[in-house]
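Asks: Below is the sequence, then the predicted model.
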Amino acid sequence: MQTQQPDERNPIDDERYAIEEPFRYFRVGEENAGTQDLANTELLSVLPGHHYSINEKILRLEFHNFQDNNRLGQEPISINLRVDASPGCGGIVWPAGQILSNYLIRKGSKFLQGKRIVELGSGTGLVGLIAAKLGGSRVWITDQAPLLDIMQQNLSMNRLQHNCAVAELDWGTSIPATIPLPDVILAADCVYFEPAFPLLVRTLDALATENTQILFCYKKRADKRFFGVLKKRFTWAEVMDDPNRDIYSRESITLIKLSKIV
Ligand SMILES: C[S@@+](CC[C@H](N)C(=O)[O-])C[C@H]1O[C@@H](n2cnc3c(N)ncnc32)[C@H](O)[C@@H]1O
C-alpha cells in the first residue's frame, strides 16, 4: 500500500481529522491516546509542555524553552485553554500556534510591549493571549462567530481582560470599529482552505500599513496558491532567528514576516 507523505495530505482531510480526533497533536499521555502521530517526531521537542485535564477539557501549556535573558531562571510562562473541537478546527491548539507563541516568548517582552496587536483566526486565542501576557498594550483575539465563546472563556480563565479583548472578524468583511490599525498582526495556521485565501489577504490589507509587523506561521498545505494571492499586496521573508526553525521546518511548518507593498 502506498503511504501518503505529510505534504501530499489533502488539507480538508487534515481539518477533518483534527475535528474527529482533536487531541492527536497533543503530547501522548494515558488520558489522550491517539496522539501517536507526533509522539515520535522531533516537533514535540519544540512544543510547550502539555497537561490536559480530560474532565475539565482544559489544556495547560507551559513554555519553558525561552532564551530571553531577562526571564532566565524564572517560572515558565503558562496558559490554560479550554479546548473543544465542536465549534470547528480552531477549537484545538495547533502546532503552528504553539510555535509562534514560543517565538514571541523567545523574543522577550520588549518586542510587544506597548504595541496594539491583532491576532487573526485565533481559535482558542492562544497566540494573542500569550501576546497579552507579554505586555501588548491592547490585544484583540479574533475569529468567526462559533469560536467567540471559547475565546471569551479562555480570556477570562487567564485574567487578561485588562489588555485583551475578543472580537468577531470574519476575513473579507469590514474591520470592526473597535479594532484600530494595529502595530503587530499575528496569524497561526490560517492557510488551509483555498476559498478563504483572497478573504484573508483582504483583511491583512485592510489592517496593515507599511509599518505593521506581521508574523505568520503556517503548515505547508495549499500554500502556493495562497502566496499567489498574497504577492499582489505583500512581500515576505522567512524568520531566520528562531533556533527551533530547523526542527519545525522538517515538519513543513514555516514562520514568515510579511511586509505590505506601498
Ligand atoms: C487551523 S485553525 C488555527 C487556530 C489557531 N490559530 C491555532 O494555531 O491553534 C484556523 C483558524 O482560522 C479560523 N478561520 C478560518 N476561516 C476564517 C475566516 N473566513 N474568517 C476568520 N477566521 C477564520 C478558524 O475558525 C480557525 O480558528
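Replies: Good, I have the coordinates. Numbers count the residues shown, from 1 in each chain.

Asks: What about the closest residue to the ligand within the chain, how many residues nearby?
Replies: The chain approaches the ligand most closely through residue 90 (2.0 Å), counting by C-beta to the nearest ligand atom. Every C-beta, even on glycine, is put in place using the N, C-alpha and C of the backbone. Burial measure for residue 90: 24 neighbouring residues, criterion other C-beta atoms under 10 Å.

Asks: Assign it to helix, strand or coil.
Replies: helix (DSSP: H, G, I helix; E, B strand; the rest coil).

Asks: What count of nearby residues applies to the residue lying closest to it once chain neighbours are set aside?
Replies: Sequence neighbours aside, residue 123 is the residue nearest to residue 90 in space, at 3.1 Å (criterion: C-beta to C-beta, 6 or more residues apart in numbering). Number of residues near residue 123 (other C-beta under 10 Å) recorded here: 29.

Asks: repeat for the one 3 residues further on
Replies: Using other C-beta under 10 Å as the criterion, residue 126 is surrounded by 26 other residues.

Asks: residue ranges with poor pLDDT in the chain?
Replies: Scanning the chain for pLDDT under 70 picks out 1-40, 65-74, 222.

Asks: what are the ranges of the helices in it?
Replies: Assigned by DSSP state H, the chain shows helices spanning 11-20, 36-39, 95-107, 126-133, 148-157, 197-207, 223-230, 245-249.

Asks: and the third one with the ligand, contact?
Replies: Right, the one you point to is helix 95-107. Yes: judged by C-beta under 6 Å from any ligand atom, helix 95-107 comes into contact with the ligand at 96, 97.

Asks: for the fifth one, same thing?
Replies: No: no part of helix 148-157 sits close enough to the ligand to count as contact by C-beta under 6 Å from any ligand atom; the gap is at least 9.1 Å.

Asks: what packs against that helix?
Replies: Judged by 3 or more C-beta pairs under 8 Å, 6 or more residues apart in numbering; DSSP states H and E, helix 148-157 is in contact with strand 77-82, helix 126-133, strand 138-143, strand 164-168.

Asks: mind putting these in a markdown table, distance to the ligand included?
Replies: What follows is these, written out as a markdown table (distance: least, C-beta to the nearest ligand atom, whole Å):
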| stretch | distance to the ligand |
| --- | --- |
| strand 77-82 | 9 |
| helix 126-133 | 6 |
| strand 138-143 | 5 |
| strand 164-168 | 9 |
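
Asks: From the helices of the chain, pick the one with the highest average neighbour count.
Replies: Looking across the helices of the chain with neighbours counted as mean count of other C-beta atoms under 10 Å, the highest average goes to helix 126-133: a mean of 28.

Asks: Can you tell me what sits against that one?
Replies: Contacts to helix 126-133, defined as C-beta atoms under 8 Å, 6 or more residues apart in numbering, come from residues 61, 63, 77, 79, 81, 93, 97-98, 100-101, 104-105, 112, 117-119, 122, 139-141, 154-155, 158, 160, 163-164, 184, 186, 188.

Asks: swap the cut-off to 7 Å and go again
Replies: The list of residues contacting helix 126-133 from outside it, by C-beta atoms under 7 Å, 6 or more residues apart in numbering, reads 77, 79, 81, 93, 97, 100-101, 104-105, 112, 117, 119, 122, 139, 141, 154-155, 158, 160, 163-164, 186, 188.

Asks: Stretch 134-149 too?
Replies: So stretch 134-149 is in contact with 87-88, 90-91, 104-105, 109, 112-123, 125, 128-129, 131-132, 151, 155, 163-170, 179, going by C-beta under 7 Å, 6+ apart.
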